[in-house]
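One predicted model, sequence on top.
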Amino acid sequence: MKEITLTRTEKIAYSFLLLVFGLGIYYSNTNLQYFDEVYTKEDGFAEYGTAFLLFCSSILLFSRFFTLFKSKKATWILGVFLIATIFLFGAGEEISWGQRIFNVESSEYFLENNAQGETNLHNMVVNGKKVNKIIFSQLLTLILVIYLIITPLLYRKFEAIKNLVNLFGVPIVQWQHTIAFLVSTGLVSFMPSNRKWELYELAFGVIFLLIFLNPFNKGIYKSNL
């Protein structure tokens, strides 16, 4: 493995996450009420921060999409567009598409079928089971393991995998990104509160923006003309 070198942006971002998680561990173990009702509250800095970071990732990808559109193959265009759209969707879901910001009432359908009575999909309840637990927790965990650990290994070892990934414009993580996720996963386990996942989602937002800014396969964002 090559020596890990952090960019200035990465150093600032990881320092920020260490501070946020450090305070999270402290507050959750000394003042759980403050941790739940202030530090990780609904519509707090963690939730809005996550939405903002996901939105920034989407804007970054869409800017590359439109800048390189004419010089890339259809597969690259499709891949980058889908990833950018997914992150835009994630940003909207995180703040219920601005519902609470603009004080918009939920429709009757969402009031009856959403665990929080909000206009979003991740809190929907289907046959008594929350979509959030099935898709946005279990499935997302599997996807993260594949993307952050398995895919980078395969990319570095097999030329066919490398070509396929690059063909669809999928950014490959550098090892510092993987380590950051593993450290975040370890630190969040020291917080005895279900609200800790707000901080974990914030880490998700920070690290994925770093991945898109500085992927291992930087060449996918260069013009082919």
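Perfect, thanks for sending it. Residues are numbered from 1 along each chain as shown.

Just give me the neighbour total for Ile86.
By the other C-beta atoms under 10 Å criterion, the neighbourhood of Ile86 contains 14 residues. (C-beta placed from N, C-alpha, C; glycine too.)

Same question for Phe45.
15.

same thing with Val20?
Val20, neighbours per other C-beta under 10 Å, totals 20.

do you know how far it is from Tyr27?
Using C-beta to C-beta, to the nearest Å, Val20 is found at 11 Å from Tyr27.

Likewise for Phe212?
From Phe212 to Tyr27 the distance is 30 Å (C-beta to C-beta).

Double-check Ile207 against His177; I have them as touching.
Yes - Ile207 lies in contact with His177 (C-beta atoms under 8 Å); the separation is 5.6 Å.

Looking at the two, which has the bigger crowd around it?
Remark: of Ile207 and His177, Ile207 carries more neighbours, 24 against 21, as counted by other C-beta under 10 Å.

now the helix or strand where the more buried one lies, how far from the chain's geometric center?
If you go by DSSP states H and E, Ile207 is part of helix 197-213. On the basis of C-alpha atoms, centre = their mean, to the nearest Å, helix 197-213 sits 5 Å off its chain's mean C-alpha point.

Output the contacting helices and strands for that helix.
The helices and strands touching helix 197-213, judged by 3 or more C-beta pairs under 8 Å, 6 or more residues apart in numbering; DSSP states H and E, are helix 8-30, helix 45-68, helix 175-188.

nearest to Val38, of the ones you listed?
Val38 sits nearest to helix 8-30 of all those, at 8.3 Å, using C-beta to C-beta.

Can you name the residues in contact with whichever helix or strand comes after the closest one?
Downstream of helix 8-30, the next assigned helix or strand under DSSP H and E is helix 32-34. Outside helix 32-34, the residues within contact range by C-beta atoms under 8 Å, 6 or more residues apart in numbering are Tyr27, Pro192, Ser193.

OK, contacts around the first one?
The one in question is Tyr27. Going by C-beta under 8 Å, 6+ apart, Tyr27 touches Tyr34, Phe35, Tyr39.

about what we covered before: export the helices and strands packed on helix 197-213 as JSON lines, with columns for distance to Phe168 and mean pLDDT.
Output for the helices and strands packed on helix 197-213, formatted as JSON lines (distance: least, C-beta to C-beta, whole Å; pLDDT from 0 to 100):
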{"stretch": "helix 8-30", "distance to Phe168": "25", "mean pLDDT": "97"}
{"stretch": "helix 45-68", "distance to Phe168": "13", "mean pLDDT": "96"}
{"stretch": "helix 175-188", "distance to Phe168": "19", "mean pLDDT": "95"}
